[in-house]
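Chemist: the sequence isn't on hand, but the structure is:
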């Protein structure tokens with residue numbers, strides 16, 4: 001079989017094109033982690049030391065909680081006062097309910113509260129919604145509200161009149177008795193299971209666990225009703241709870257959260273909803289507000 005010069009040239013061109021294509025490096029796969037890793041310093045905001053609680057459990061295991069004073073000012077004010085008074089020292093984690101919550105405080109309910117603590121507290125369950133809050137809205141439907149999204153680094157929902165923090169994995173809320181009681185901020189819980197969004201607007205969400213979550217989620221489950229520790233179980237002792245701002249500089253933890261108004265967070269949110277890396281066969285094309293955990297990191301050394 002004989003090739004014309006034109007046909008031969010065409011074959012050579014095709015071979016060269018295929019060779020060049022084979023040598024072209026593949027485009028990097030974009031994942032949520034890669035977006036976080038590649039984000040610039042301008043996409044991060046320092047978490048104030050006065051908004052960080054450091055809880056030390058038996059065995060010197062640490063749990064770090066970020067407070068949310070913008071949404072639950074009354075409860076957070078009390079929590080700061082409780083930490084300054086060392087009130088939680090020698091209390092315990094006494095409830096661990098599987099796929100639900102870990103709860104801590106004074107199980108006996110007899111430990112006197114510090115003088116000057118504000119009681120009764122208002123129902124810090126929501127704040128008035130307004131455009132100036134700068135809510136970054138998720139472009140996907142929410143099962144519990146008209147709109148869900150993020151305000152200043154926190155997952156929230158709104159009905160257009162009020163905005164409230166959502167109960168997601170790691171969220172910290174204030175325990176209370178029946179209404180109109182709103183709790184004092186002394187009894188707290190952290191979500192360790194599927195997001196119990198039915199609690200939204202019924203309990204004050206006061207913050208979230210940002211480090212050491214495994215030290216709570218791995219605790220033995222309670223054997224008594226609603227996950228309370230039974231008589232045969234030993235509650236997990238709380239050695240201390242301190243505001244980071246009250247700790248020596250050398251011991252003070254420093255964290256940053258991704259700015260939810262940044263382009264990096266917009267990219268991160270998009271990729272969370274549209275995974276296209278090798279593992280995924282069918283991108284979901286949507287995501288729940290609790291499945292977009294706001295990235296938190298320890299502050300990089302200068």
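Modeler: Received, thanks. Since the model is a prediction, treat every value here as computed from it, not as a measurement.
Chemist: can you name the residues that contact residue 298?
Modeler: 211, 253-256 (Cβ atoms under 8 Å, 6 or more residues apart in numbering). For glycine as for every other residue, the C-beta is placed from the backbone atoms N, C-alpha and C.
Chemist: name the residues of the helix or strand where residue 94 lies that are buried.
Modeler: Using DSSP states H and E, residue 94 maps to strand 92-96. Residues 92-96 are the ones in strand 92-96 that count as buried (16 or more other Cβ atoms under 10 Å).
Chemist: narrow the contacts of residue 298 to those in strands?
Modeler: 211, 255-256 (DSSP state E).
Chemist: looking at the residues you listed, spot the one nearest residue 51.
Modeler: The closest of the ones in strands among the contacts of residue 298 to residue 51 turns out to be residue 255 (Cβ to Cβ; 9.5 Å).
Chemist: how many other residues sit next to that closest one?
Modeler: By other Cβ atoms under 10 Å, the residues close to residue 255 number 21.
Chemist: what of residue 144?
Modeler: Residues near residue 144, counting by other Cβ under 10 Å: 17.
Chemist: same question, the one 4 residues further on
Modeler: Using other Cβ under 10 Å, residue 148 has 23 other residues around it.
Chemist: what strands line up against the helix or strand that contains it, and which way round?
Modeler: Following DSSP H and E, the helix or strand that holds residue 148 is strand 147-151. Here strand 147-151 has these sheet partners by DSSP bridges: strand 136-137 (antiparallel), strand 154-158 (antiparallel).
Chemist: for it, list every residue counted as buried.
Modeler: 147-151.
Chemist: for stretch 109-125, same thing?
Modeler: Residues of stretch 109-125 classed as buried under the neighbour-count rule (16+ other Cβ under 10 Å) are 113, 117, 121, 123-125.
Chemist: quick one: the helices in the chain?
Modeler: 5-23, 32-38, 73-84, 214-217, 263-273 (DSSP state H).
Chemist: does residue 299 really touch residue 255, like I thought?
Modeler: Yes - counting by Cβ atoms under 8 Å, residue 299 touches residue 255, with 6.3 Å between them.
Chemist: spit out the residues that contact those two alike.
Modeler: Taking Cβ under 8 Å, 6+ apart as the criterion, residue 299 and residue 255 both touch residue 46.
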